[in-house]
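Everything below, folded, please.
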Amino acid sequence: MPSPAFVASDFKLFEVKGFKPRMDEIRARVRPKLDAFGGRLAPTISRSVAAEVFPHVAKHARRTVNPPDDTWVAFGPDARGYKKHCHFKVAVSRGYVRFLFEVGPEHAEKRRWATAWRKNAPKLAPVLRRVKHLAWFKNEHDEEPAAPLADLTPETLAELADELTRTRDGQLIMGRAVPAEEAARWTEAQYRSAALETFRALAPLYRLR
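Numbers count the residues shown, from 1 in each chain. Predicted structure coming up:
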């Protein structure tokens with residue numbers, strides 16, 4: 001099984017032009033590493049959230065023309081898919097590796113989750129603001145965060161629930177972005193540590209009902 005650690009050339013493949021050439025590179029170079037990372041990380045994430053999670057490596061099946069700007073492995077509670085549930089994600093793009101918690105556009109019960117977040121935000125938001133590196137992302141594909149959580153007031157963090165229900169494509173994304181230049185020097189152990197540190201900090205959001 002390949003090491004899940006990414007190297008400089010893995011990030012540069014997102015510069016390859018054309019749908020098929022880039023997808024061929026993703027399948028050959030990055031997807032095996034995401035498969036390995038998913039299999040090794042899922043049991044520990046399951047223990048962190050006290051429920052089984054299943055890894056899902058992106059297939060980009062809906063794309064036929066435009067090459068993807070990122071790819072990922074997601075961790076969710078359903079073996080058949082992750083998009084209708086809260087999930088964690090390790091995403092790789094040209095400039096970053098991101099360790100994320102997502103309530104995505106296709107979440108089956110966004111309004112209920114948003115209500116639970118508003119209810120629990122007064123106690124969770126101050127804790128999240130103190131966690132180093134955590135940030136808010138406007139979109140699941142954004143490489144750079146919109147703002148560090150430390151820069152947002154607890155009230156503003158609670159109001160992020162409105163992002164879920166304001167539009168059909170509403171989503172809530174929190175996590176950590178590591179620049180490619182730094183991540184390319186990491187060992188497998190460092191990737192694992194960064195992922196678990198981030199996901200454990202955000203596990204209370206995953207468990208919200």
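
Tell me the pLDDT of Ala121.
We have a pLDDT of 93 for Ala121.

quick one: it is in a strand?
No - Ala121 is assigned helix when assessed by DSSP: H, G, I helix; E, B strand; the rest coil, not a strand.

In this structure it contacts Leu157, no?
Yes - Ala121 is in contact with Leu157 according to CB atoms under 8 Å; the separation is 6.0 Å. (C-beta placed from N, C-alpha, C; glycine too.)

List the contacts of Trp186.
Going by CB atoms under 8 Å, 6 or more residues apart in numbering, Trp186 touches Ala5, Phe6, Val178, Ala194.

Need the buried ones from these selected in PyMOL.
In PyMOL, this line selects whichever of those come out buried by 16 or more other CB atoms under 10 Å:
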select buried, resi 5+6+178+194
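
Can you add distance to Thr167, pLDDT and secondary structure and give the contacts of Trp186 back as CSV?
Shown next, in CSV, are those (distance: CB to CB, whole Å; pLDDT from 0 to 100; DSSP: H, G, I helix; E, B strand; the rest coil):
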residue, distance to Thr167, pLDDT, secondary structure
Ala5, 37, 87, coil
Phe6, 33, 94, coil
Val178, 29, 97, strand
Ala194, 31, 96, helix
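
want to throw the contacts of Trp186 into a markdown table with distance to Asn139?
As requested, these are exported to a markdown table (distance: CB to CB, whole Å):
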| residue | distance to Asn139 |
| --- | --- |
| Ala5 | 27 |
| Phe6 | 22 |
| Val178 | 18 |
| Ala194 | 21 |
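
how about the strands in the chain?
54-57, 70-76, 87-93, 96-103, 135-137, 147-148, 172-179 (DSSP state E).

Quick one: closest of those strands to Arg22.
strand 70-76 (9.7 Å; CB to CB).

gap between that closest one and the chain center?
Centroid separation for strand 70-76 versus its chain: 7 Å, with CA atoms, centre = their mean, to the nearest Å.

other SSEs contacting it?
For strand 70-76, the packing partners by 3 or more CB pairs under 8 Å, 6 or more residues apart in numbering; DSSP states H and E come out as helix 31-49, strand 54-57, strand 87-93.

List the contacts of it.
Contact with strand 70-76 is made by 14, 26, 30-31, 34-35, 37-38, 41-42, 45, 53-58, 60, 82, 85-93, 102, 141, 143, 199, as judged by CB under 8 Å, 6+ apart.
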